[in-house]
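A.B. asks: This is a predicted model, with the sequence first.
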Amino acid sequence: MTKKPLLDTMLKTSARIGQLIIPAKSLESYLGRFASQLTVWTHDDVYKVSIPGSAIRLIHKGRIMLVCSMHQLKDVELRDVSILLPDGSHAITSSGSRSFRIGEQSDSSDAYDVAGFDFTEPASEFPALTEKCFKFDCCPPDAPNSHILAFVVAGYPTADQQYELAEKNHLGMVRRVLVAEPDSQPTDRALLKLKFVQHLDFDPDGLSGGPAFVMQLVQGEVRAYLGGMVLRAGKSHCYILKSGYLWNFLSSFQ
C-alpha cells in the first residue's frame, strides 16, 4: 500500500504556484526542490566543503539569490559560501553578499538573522545554477488563519547527510520535506511559530535556512507562496522568519 503525501490528504486539490497548477500529491516534492544544501568552500584539499545546514535558492527581481540564516555562518567568510553544481564537479562562489552589520542589528528581533548571496553573474557562466530556483515575485497576501491550510517546510538535517569526502570523495545529500500548521505569533513580529503535523523522529538540527511555503485560500483557490525561512526547529515546532522581511532584505541588494 502506497502512503499518500500529507498534503494530498489535507488539501484534496491542486495549488497554484505562479502560473503553474501543481496537483496536491506532487506539492511536497515540487516545493521541497527549492531547498538547497548550504555549502561552504573550506580551502582544504581533502575536506573541500562544509555543509552547515540548509538554504533557499530564489529568483528575486531578476537576480539569482541564495539566502540562509546568519547564525549558520559563524566563523565563515561570506565569500566562501557556494552552490554545488548538480554533478558535484564544482562549488561556485557568489559575486556578492549582504548581511546586517553590527550597528544594524537588534537584540530584540531575529529579523536580522539573514544573509544573502548573489549568483546572477556566475549563473551566466554556469546555467545549471538557475535550476531549482523559486520565483520569489510576491509575498503571501494577508489572510485570516482559516484561509491558511498548511505549510511545507524543507531542509537538510545534519545527521542525515553522508559526509564521506575523506573516504570516497562523496557527499550524499538527504532532504526532508515536512508539513506544518500555524501555531502562534511570537513576541518578535518578524517570526511565526509553526507546529509540525507529525512529531519528528529525527534530529532537526540543520533545517535552519530552509524554506517554509504556505498554502492558503485566495479568491477560492489554493495558492502556494514562500511564507518564510526556518531560523530554528525542534521536534514539534519551528520558527520562521516571515517572507516580508526576506523581501525587504533582498531588495536592499544594489
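C.D. replies: That came through, no problem.
A.B. asks: The longest strand seen in the chain: what's the following helix or strand?
C.D. replies: For the chain, the strand with the greatest residue count under DSSP state E is strand 221-233. The C-terminal neighbour of strand 221-233 among helices and strands, as given by DSSP states H and E, is strand 237-242.
A.B. asks: How far off centre is that next one?
C.D. replies: Relative to its chain's centre, strand 237-242 lies at 11 Å (C-alpha atoms, centre = their mean, to the nearest Å).
A.B. asks: gap between the next helix or strand after that strand and the chain center?
C.D. replies: Following strand 237-242 in sequence order, the next helix or strand is helix 243-250 (DSSP H and E). With C-alpha atoms, centre = their mean as the basis, helix 243-250 stands 13 Å off its chain's centre.
A.B. asks: now for helix 243-250, which elements pack on it?
C.D. replies: strand 54-60, strand 63-68, strand 221-233 (3 or more C-beta pairs under 8 Å, 6 or more residues apart in numbering; DSSP states H and E). Where you see a C-beta, it was placed from the backbone N, CA and C, and this is true even at glycine.
A.B. asks: which other residues reach whichever strand or helix holds S36?
C.D. replies: Here S36, judged by DSSP H and E, is contained in strand 35-37. For strand 35-37, the surrounding residues in contact (C-beta atoms under 8 Å, 6 or more residues apart in numbering) are 51, 54-57, 66, 83-84, 132, 154-156, 161, 173, 175, 177, 210-211.
A.B. asks: So which residues of this structure form helices?
C.D. replies: With DSSP state H as the criterion, the chain has helices at 6-11, 24-32, 120-125, 165-168, 243-250.
A.B. asks: Worst mean pLDDT among these?
C.D. replies: Of all those, the segment with the smallest mean pLDDT is helix 165-168, scoring a mean of 68.
A.B. asks: picking that back up, mind giving me the ChimeraX command for buried ones among the contacts of strand 35-37?
C.D. replies: In ChimeraX, this line selects whichever of the contacts of strand 35-37 come out buried by 16 or more other C-beta atoms under 10 Å:
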select :51,54,55,56,57,66,83,84,154,155,156,161,175,177,210,211
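A.B. asks: Show me the contacts of strand 35-37 that map onto strands.
C.D. replies: Checking the contacts of strand 35-37 against DSSP E, those in strands are 54-57, 66, 83-84, 154-155, 177, 211.
A.B. asks: Which residue is the nearest non-sequential neighbour of S82?
C.D. replies: In space, and not counting its chain neighbours, S82 is closest to A91: 3.9 Å by C-beta to C-beta, 6 or more residues apart in numbering.
A.B. asks: wait, D203
C.D. replies: Counting by C-beta to C-beta, 6+ apart, the residue nearest D203 is A159, at 4.8 Å.
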